[in-house]
Structures are given as structure tokens and as C-alpha cells.
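1. Need coordinates for the below:
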Amino acid sequence: MQKELDILIIDDHHSIIEGYKNVLSKIKDYKLRILKANSCDQAVKAINKAKLSKPFDVVFIDIQLPPSQDGAITSGEDIAQLINKEFPQTKIIISTMFDNPHRLNNIIKTVPHHGILIKSDSTSKIILNAFETIIQGKQFYSKTVQKIKDKIILNDELLDEYHKKIIFHLSKGVKTKNLVDYIPLSLSAIEKRKNYIKQLFNVNGDDEQLLLEAKKRGFI
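-> The predicted model follows:
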């Protein structure tokens, strides 16, 4: 007997919702009940209804959604937080057009999810692979997201807290010579660490270029 799964697809583009439905209809191992919402208001309504019956098993959420009429919910990020709060067991798949490393880094670190798909990466095969992977209790990232995630992990391994503090205080306008007032290191040690950051980021220019690269990599 097929296992029944309740799916909610949240996207403000009707064609994308229909695209997901068509792809998911190819799955034969489960009996899928698919609901859709094209705004934050409709998503909240669906969530409240599910609270009285059965939680969703999987939710696809577009990050860029029209805000709710009362302004309480402003984007798909808020919807993901709400679903995670109300239905902790629900699998959340974030779908987005964003491919900016800084923006994606923020989504990876702050938005509840079991998978993230870049729409430009999302072929039928990728969507099906994501669904199956997440149902099995694993995380899934489309190609672009995985590259950025790997870079984040590598940077986090190569930069310690002092490196990150140097970047942070420089971004706040603190001059290098004054960093000793904020970081318990000698000026020479701070300068060596700053040069190391520049080498890691492949930056040959001034602090402005260093900060620009740090922002791209999601450190500020």
C-alpha cells in the first residue's frame, strides 16, 4: 500500500507550482496530496488549517513572496520559521532565484530547511532527487548552493575567531592601528592575520577590497 504524504507548494508564480506538481506526479512510491499557496496570506491559511487536521510532510517554499496584508509575514523566510515552529517534523525545501553567495549564505545559516534549490538549477531530475533525499531524512542542496556551502565550511575552518573579529571591526570602520583596542593581540599579530585573510580571499588591494570579498563570502 502506498504511503500518503501531504505536500504544500508555496510560490507566487502559478507556472512554477504547476511545474512542481507535474514533476512530483511522476513519483509512484507515494500517494501525494498536493496543496498550493501563492502568497504569504494563503500560506498562513493553509498552515492554520493543517493545525486542525494533519501537518504537512513536505513544504516547498519560495523565498520571494508577497507579504501578508497585515505585514506580520514578509517573505518565505518567515513562512519557513512559522512552519518549523508549528510542525517541527515537516520537511522544508527552500526554492529561490537568489544565487548571490552572501544572500545564500544568510539563507543557509538562518532559515529552517532540509533542502535548498536554486530555480535555475532545478531540473525535473534535481527536484525528484531532492524530494527522495529529504524524505529519507537527509539534506539536499542543488549544485550552486552546494558550492557556496562548501566554500563557507572551508572558510570557517581556515579562519578562527580572531580573523573573524578583524573582519567585523574593519567593516565597522575601525582602522587597523586601532584594532588592538578591540582584539587582545599585538598590532603586528593583527597585521599578520589580516595579510593571511587577504591571501585566503585572493585580495591584493586595500581594506575596502578585503571587505567586499568578505561580504561576498558571507562574513559580513
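2. Could you list every helix and strand in contact with the helix or strand bottoming out on mean pLDDT in the chain?
-> When each helix and strand of the chain is scored by mean pLDDT, DSSP states H and E, helix 143-158 comes last, with a mean of 78. Applying 3 or more C-beta pairs under 8 Å, 6 or more residues apart in numbering; DSSP states H and E, one finds that helix 143-158 contacts helix 101-110, strand 115-118. Where C-beta positions appear, they are placed from N, C-alpha and C, glycine not excepted.
3. most tightly surrounded among these?
-> strand 115-118 (a mean of 23; mean count of other C-beta atoms under 10 Å).
4. Show me where the protein has its helices.
-> In the chain, the segments counted as helices under DSSP state H are 14-24, 40-51, 76-86, 101-110, 124-135, 143-158, 161-171, 187-201, 207-216.
5. right, and these - which one's nearest residue 31?
-> The minimum distance between residue 31 and the helices of the chain falls on helix 14-24, with 11.3 Å, by C-beta to C-beta.
6. Show residues contacting the closest one.
-> Here helix 14-24 makes contact (C-beta atoms under 8 Å, 6 or more residues apart in numbering) with 7, 9, 11, 32, 34, 36, 38, 60, 62, 95, 119, 124, 127-128, 131.
7. Could you list the buried residues of it?
-> 16-17, 19-20, 23-24 (16 or more other C-beta atoms under 10 Å).
8. centroid residue for the protein?
-> residue 107 (2.7 Å; C-alpha atoms, centre = their mean).
9. residues contacting that one?
-> 63, 77, 94, 96, 98, 113, 116.
10. among the residues you listed, which two are most distant?
-> Maximum distance among these (C-beta to C-beta): 13.4 Å, for 98 and 113.
11. Neighbour count: these two, which is higher?
-> Set residue 98 next to residue 113 and count neighbours by other C-beta atoms under 10 Å: residue 113 wins out with 21 against 18.
12. so what pLDDT did that one get?
-> Residue 113 is assigned 96 on the pLDDT scale.
13. got the contact list for the closest residue in space to residue 169 that isn't next to it in sequence?
-> Take residue 169 and drop its neighbours on the chain: the residue closest to it by C-beta to C-beta, 6 or more residues apart in numbering is residue 182, 5.0 Å away. By C-beta under 8 Å, 6+ apart, the contact set of residue 182 is 165, 169, 174.
14. Pop the domain breakdown of this protein in here.
-> Residue ranges for the domains of the chain, per automatic domain parsing: 3-151, 159-216.
15. and the end-to-end length of the longest one?
-> Same thing as domain 3-151. With C-alpha to C-alpha, to the nearest Å applied, domain 3-151 spans 38 Å between its terminal residues.
16. Can you give the distance of it from its chain's centre?
-> 11 Å (C-alpha atoms, centre = their mean, to the nearest Å).
17. what do you get for the shortest one?
-> Shown here is domain 159-216, whose average C-alpha point lies 26 Å from the average C-alpha point of the whole chain (C-alpha atoms, centre = their mean).
18. number of nearby residues for residue 92?
-> Residue 92, neighbours per other C-beta under 10 Å, totals 23.
19. can you pull the buried residues of stretch 66-83?
-> Buried-residue list, stretch 66-83, by 16+ other C-beta under 10 Å: 68, 73, 75-83.
20. Could you work out the end-to-end span of that stretch for me?
-> First-to-last residue span, stretch 66-83, C-alpha to C-alpha: 17 Å.
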